[in-house]
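S.K.: Here is a sequence together with a model predicted from it:
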Amino acid sequence: MGILDSLAGALNSSASATPGAPASAAPSSAVVSEVLAMLQQHGGAANGLGSLMQAFEGGGLGHLFQSWVGSGQNLPVSAGQIQSALGNSGILDQIAQRTGLQPADVAQHLSTLLPQIVDHLTPNGQLHPGDAGSALEGLAQRLLHG
């Protein structure tokens, strides 16, 4: 099973694992779509990931983000840690506003999805800037269309 299959599975499991969430992947798909759009808007995947990394480092959680970039096992992140790292940056509020979800729900989805997205965009522990656009595009197509 490849990383894209894992991401697609995570969409389904995070939607069904969220208390009160519908048993569809629609909320997670919307969150993924917004995360990928945000990465592209911040000057491409490399700059977008850099912004995310700074937010995590600023929140004292840089080690988590580094585990997702590195080639080892991804450390888990909780919704509370996501809120702590991204709450002040406005990222959660922006995604919540665009998806119609509450920031806490966005954080819950991101706790499952963000480590996998970052891991996918940093094969071999580094982002290849020339490949970033196509990686984001391919990831978006796979996640959002099946």
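M.R.: Arrived safely.

S.K.: and residue 107, what is it in contact with?
M.R.: Residue 107 makes contacts with 79, 80, 82, 83, 86, 92, as judged by Cβ atoms under 8 Å, 6 or more residues apart in numbering. (Each C-beta comes from the backbone N, C-alpha and C, glycine too.)

S.K.: looking at those residues, which has the most residues close by?
M.R.: Counting neighbours by other Cβ atoms under 10 Å, the top entry in the contacts of residue 107 is residue 82, with 27 neighbours.

S.K.: From residue 71, how far out is it?
M.R.: 23 Å (Cβ to Cβ, to the nearest Å).

S.K.: Redo the contacts of residue 107 as CSV? Include secondary structure, distance to residue 116 and pLDDT.
M.R.: CSV is the format used below for the contacts of residue 107 (DSSP: H, G, I helix; E, B strand; the rest coil; distance: Cβ to Cβ, whole Å; pLDDT from 0 to 100):
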residue, secondary structure, distance to residue 116, pLDDT
79, helix, 15, 96
80, helix, 19, 96
82, helix, 13, 95
83, helix, 19, 94
86, helix, 16, 88
92, helix, 18, 89
